[in-house]
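J.: Below are the sequence and a predicted model for it; my questions follow.
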Amino acid sequence: MLHIATFSRENTGQNSGFWQKLAPHTRVLVTLLLVFATALTPNGSWETWGIYGLGLIILILISRVTISVLLQRVAIEFVFIGVVLLGTLFRDGGEILWSWGFLRITSEGLLVLGSVAFKAFLCLCTVNILVLTTAIPDLLQALVTLKTPPLLVAILASMYRYLAVLIAEFNSMRRAAIARNLMSSPRWQRLLVGHMIGSLFIRTYERGDRIYQAMLSRGYTGSLPSLQVPQSKLNDYLAIIAIVILILWGQMVHLLR
């Protein structure tokens with residue numbers, strides 16, 4: 001949920017392929033296993049990440065995700081974590097490669113920067129494949145199947161369902177400002193965007209309370225209505241076994257190098 005385009009479902013091959021035939025909770029479980037294995041691997045484990053990258057390539061092939069769409073999403077998300085990544089460059093330790101005042105670039109900083117950037121790239125690609133090939137209601141139901149706390153699932157469901165309302169409200173206020181010629185200068189734009197965000201927060205609180213009261217009057221109990229959960233098949237068990245073997249292979253390479 002790092003950017004709104006996540007919900008546009010641009011991938012045209014999302015209804016075909018081995019990956020799409022798996023149960024939604026199996027896809028979520030496989031994604032989480034690969035993400036946690038990648039993120040928890042120590043810095044500098046390039047051989048292990050190469051193995052996980054091979055698994056990611058296989059995942060892209062079996063899911064038939066459009067490469068350009070996937071890379072566009074990852075590029076947008078990298079903007080949000082770019083500041084954090086640059087902060088790792090100025091760590092102490094190792095050989096000093098460049099210095100200017102109190103700023104120093106060391107070999108340890110380059111190692112951490114490269115490791116964190118590569119891990120983030122692999123994890124973002126994996127998560128985006130899941131979102132591109134699985135509908136949001138199916139993802140929420142998969143979380144329920146995997147025994148995720150009901151309150152967390154309810155919060156995620158409310159965020160997803162209310163996002164379109166927030167976008168519509170913001171666009172309405174923006175059109176009203178443009179119609180009154182209030183967006184003519186950068187200074188006025190900054191002021192108006194700040195006022196619009198504040199107004200949107202108040203409207204969100206008020207409308208959210210009304211929506212919650214309406215949901216309670218219609219029998220809402222704090223959890224999603226029970227749907228028919230797809231049963232795990234042979235392909236689901238094979239996918240889980242394959243990802244576990246891939247993770248163990250990568251960890252063995254890390255331990256034996």
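T.: Perfect, thanks for sending it.
J.: Might you list the low-confidence residue ranges for the stretch 101-250 of the chain?
T.: 101-105, 107, 222-229 (pLDDT under 70).
J.: how about 90 then?
T.: 101-118, 120, 131-236 (pLDDT under 90).
J.: Which neighbouring elements make contact with the lengthiest helix in the chain?
T.: Criterion DSSP state H: the longest helix present in the chain is helix 186-217. Where contact means 3 or more Cβ pairs under 8 Å, 6 or more residues apart in numbering; DSSP states H and E, helix 186-217 is packed against helix 150-179. For the C-beta atoms, the positions are set from N, CA and C on the backbone; glycine is no exception.
J.: what helices or strands is the helix it packs on leaning on?
T.: Right, helix 150-179 is packed against helix 136-145, helix 186-217 by 3+ Cβ pairs under 8 Å, 6+ apart.
J.: how close does residue 42 get to residue 53?
T.: 17 Å (Cβ to Cβ, to the nearest Å).
J.: quick one: which of the two has more around it?
T.: More crowded of residue 42 and residue 53, by other Cβ atoms under 10 Å: residue 53, with 17 against 8.
J.: Nearest spatial neighbour of that one, chain-adjacent residues omitted?
T.: residue 122 (6.3 Å; Cβ to Cβ, 6 or more residues apart in numbering).
J.: again, but for residue 51
T.: Per Cβ to Cβ, 6+ apart, closest to residue 51 is residue 250, 4.2 Å.
J.: The protein - how does it break down into domains?
T.: 21-133+230-254, 142-216 (the TED database).
J.: Deepest-packed of those domains, please.
T.: Of all the domains of the chain, domain 21-133+230-254 has the most neighbours on average by mean count of other Cβ atoms under 10 Å, namely a mean of 16.
J.: ends of that domain, how far apart?
T.: 33 Å (Cα to Cα, to the nearest Å).
J.: what distance separates that domain from the centre of its chain?
T.: Distance, stretch centre to chain centre, for domain 21-133+230-254: 12 Å (Cα atoms, centre = their mean, to the nearest Å).
J.: Also stretch 144-151?
T.: 18 Å.
J.: Now that stretch - C-alpha only, CSV.
T.: Coordinates of each C-alpha in stretch 144-151 appear next as CSV, following Å, rounded to 0.1, in the frame of the first residue of the first chain:
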residue,chain,number,x,y,z
VAL,A,144,-7.9,-14.3,7.9
THR,A,145,-7.1,-17.9,6.8
LEU,A,146,-3.5,-17.5,8.1
LYS,A,147,-4.8,-16.4,11.5
THR,A,148,-3.8,-12.8,11.3
PRO,A,149,-5.3,-10.7,14.3
PRO,A,150,-8.9,-9.7,13.2
LEU,A,151,-8.3,-6.1,14.3
